[in-house]
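Enquirer: quick one: sequence and predicted model below, then my questions.
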Amino acid sequence: MTQNQTVLLYFNLIDSRYKLLMEEYEKTDGILKTIQLNADKEKTDQKIQYYYYFFSGMHEFYRKRFMNAINFYRIAESRPRHIPNEIERAEFNYQVAIAYYEIRQNYFAMNHAEKALEIYKANEMYAVREAQCLMVIGCNRMDLFHYQKAEELLQTAVHQAAKAGDPHIEALAHFNAGICYERQEKLEEARIEFETVLDQKEHLQSAYSVRSLYMLARVLLKQEQADEGRFWLHKALNAAEEKNEPVYTQK
């Protein structure tokens, strides 16, 4: 590594990707800044540059700086022949899809999610990513008021995640299905989905539980079940304060 700058840069890039997975964002930021200084001198290795821009985009996404993330992804996308294989191409498209979803560019998001889905469906080792792609497409359909199609996609995502044995993704799919029902005022179906989510211990321990607690309270209050609704609302407020979720604290 000390004699080969390209190997050193590659190692640091993979290290930054690992720290992103571990949600060690400050460490990732430091590594990427170091890489940027060195990468400028390494003009010949386009693969290194692709990984740098791709991982920088992911870092910005996790910090909720979505436009910055998309700008990095666009630069990475200009180097398509340096994406090593189809699975990494699918991963790139999936990450771009969820970034576009966050800024409500629904058609761009669906386009990238469908590209990723096509690749993941052909590889049974990526059943969880398949479920996530279905969920992304379903959520975009929901935002476009294509509720019937959204319901189908989200329920398929639930079954796919359950089949793959991933309770976290299964819970998220149930949650999004609940949102879809709530928007259509199908309150009983929505309540069942949110209760199903909150029955999973893994979900209750995650940051996403605040949203589920809030939505269950919201649905119960719409159903005029005031006492039960207030019970879950207080649980949601306590969880939002504990997990430092200011948006849901204000809600």
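Expert: That came through, no problem. Residues are numbered from 1 along each chain as shown.
Enquirer: now stretch 111-118: average pLDDT?
Expert: The average of the pLDDT scores along stretch 111-118 is 97.
Enquirer: next: stretch 137-155.
Expert: The predicted model assigns stretch 137-155 a mean pLDDT of 97.
Enquirer: quick check: buried residues in stretch 78-92?
Expert: By 16 or more other C-beta atoms under 10 Å, the buried positions in stretch 78-92 come out as Ile83, Ile87, Ala90, Glu91, Phe92. Using the backbone N, CA and C atoms, a C-beta is placed for each residue, glycine as well.
Enquirer: wait, the second one sits on Ala116?
Expert: So that's Ile87. No: here Ile87 does not reach Ala116: they are 9.7 Å apart, not a contact under C-beta atoms under 8 Å.
Enquirer: quick revisit: the buried residues of stretch 78-92 in helices, which ones?
Expert: Judged by DSSP state H, the subset of these located in helices is Ile87, Ala90, Glu91, Phe92.
Enquirer: and Glu245, its phi and psi?
Expert: phi -110, psi 80 (degrees, to the nearest 10).
Enquirer: please list all residues in contact with the residue lying closest to it once chain neighbours are set aside.
Expert: In this structure, Glu245 finds its nearest non-sequential neighbour in Val210, 4.8 Å apart by C-beta to C-beta, 6 or more residues apart in numbering. By C-beta atoms under 8 Å, 6 or more residues apart in numbering, the contact set of Val210 is Ala236, Ala239, Ala240, Lys243, Glu245, Tyr248.
Enquirer: give me that answer again for 10 Å
Expert: By C-beta atoms under 10 Å, 6 or more residues apart in numbering, the residues touching Val210 are 235-245, 247-249, 251.
Enquirer: what's the closest of the ones in helices among the buried residues of stretch 78-92 to Met22?
Expert: Comparing these against Met22 with C-beta to C-beta places Glu91 closest, at 17.5 Å.
Enquirer: Asn123 versus that closest one, what's the distance?
Expert: Distance, Glu91 to Asn123, by C-beta to C-beta, to the nearest Å: 12 Å.
Enquirer: list residues touching both of these two?
Expert: Contact criterion C-beta under 10 Å, 6+ apart; residues bridging Glu91 and Asn123 by contacting each: Arg129.
Enquirer: picking up where we left off before, most neighbours among the contacts of Val210, please name it.
Expert: Using other C-beta atoms under 10 Å as the neighbour test, the contacts of Val210 are led by Ala236, with 24 neighbours.
Enquirer: and after the one helix or strand that residue maps to, which helix or strand comes next?
Expert: Following DSSP states H and E, one finds Ala236 within helix 226-242. Note on helix 226-242: by DSSP H and E, the next helix or strand toward the C-terminus is helix 246-250.
Enquirer: which residues sit against that following helix?
Expert: Applying C-beta under 10 Å, 6+ apart, the contact partners of helix 246-250 are Val210, Arg211, Leu213, Tyr214, Ala236, Leu237, Asn238, Ala239, Ala240, Glu241, Lys243.
Enquirer: ok, 8 Å please
Expert: If you take C-beta under 8 Å, 6+ apart as the criterion, helix 246-250 is touched by Val210, Arg211, Tyr214, Ala236, Leu237, Ala240, Glu241.
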